[in-house]
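1. turn this into a model:
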Amino acid sequence: MADHLDPALVRDLTEAKAALARHGIVIIRSIETELEPALVAEAKDSMASSPSRLARLKDDELDELMGKIRKAALGEASELKKLYTRLLAKLGTDYIGDLVKELDGIDQLFKWDRVAKSVGSVNAVLVDAGFQEMVLSGPNAVSDNFAVELADKWPPSFSRFRSLADSAAKVLREQEKEEAAAKARKGKRKG
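-> The predicted model follows:
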């Protein structure tokens, strides 16, 4: 890729990719360490909103329920972490044309809506136990740092990277067309 692009564009693209990766890693670390406790806390709030149902649980039933909730929350956090890690790994490709095709999907998954879906299996445990479903109210429900990274830092960083990647892909496509045309002209001269 670097052989065909302006060195300034390669430098800017490399810097933008690094910045995006840094923000992505912070988001992943927050998911790894803060999402599971946030899900458990929200589940406890949901249970507390039904005091009569909660009072009917024996201590061992409550312990078992909390164990299931923690396991479900940990599983959700782990799955989301794996997904985001795979997405960030795609940024490492040198095939900018292929990467540009994936950027829409990557951007859609690094959104609060995707993170909020992590309540799924925790809600299943709550509903099975007779409690109401819970909803994570926003990125601040995970942590303030997570909210800043996901809502304030990731979008402009992604936008900058996207713009540079689109520019690089356009240049590479134009160069491929020129090379194909030159090859076709050369082929006509021989024939």
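
2. give me the distance between the residue nearest the centre of the chain and Ser143.
-> For the chain, Phe110 is the residue whose C-alpha lies nearest the centre (CA atoms, centre = their mean; 3.4 Å). Look at Phe110 and Ser143: by CB to CB, to the nearest Å, they are 16 Å apart. Just so you know, the C-beta spots here come from the backbone N, C-alpha and C atoms, and that holds for glycine as well.

3. ok, Val10 - how many residues close by?
-> Residue crowding around Val10 was assessed by other CB atoms under 10 Å; the count is 16.

4. typed the wrong thing, it's Ala19
-> Neighbours around Ala19, by other CB under 10 Å: 16.

5. wait, it touches Pro156, no?
-> No. When contacts are counted by CB atoms under 8 Å, Ala19 is not listed as touching Pro156 (9.5 Å).

6. just the pLDDT at Ala168, thanks.
-> pLDDT recorded at Ala168 is 87.

7. equivalent analysis for Arg160, please.
-> 95.

8. repeat that for Asp3.
-> What the model reports for Asp3 is a pLDDT of 56.

9. and Leu39, how many neighbours?
-> For Leu39, the neighbour count with other CB under 10 Å is 26.

10. so what's it up against?
-> Leu39 makes contact with Ile69, Ala72, Ala73, Glu76, Ala77, Ser118, Val119, Val122, Leu136, according to CB atoms under 8 Å, 6 or more residues apart in numbering.

11. run a quick neighbour tally on the third one.
-> By the criterion of other CB under 10 Å, Ala73 has 24 neighbours.

12. repeat for the fifth one
-> By the other CB under 10 Å criterion, the neighbourhood of Ala77 contains 23 residues.

13. looking at it, it is touching Ser118, isn't it?
-> Yes. Counting by CB under 8 Å, Ala77 sits close enough to Ser118 to count as a contact (6.8 Å).

14. list residues touching both of these two?
-> Both Ala77 and Ser118 are in contact with Leu35, Leu39, where contact means CB under 8 Å, 6+ apart.
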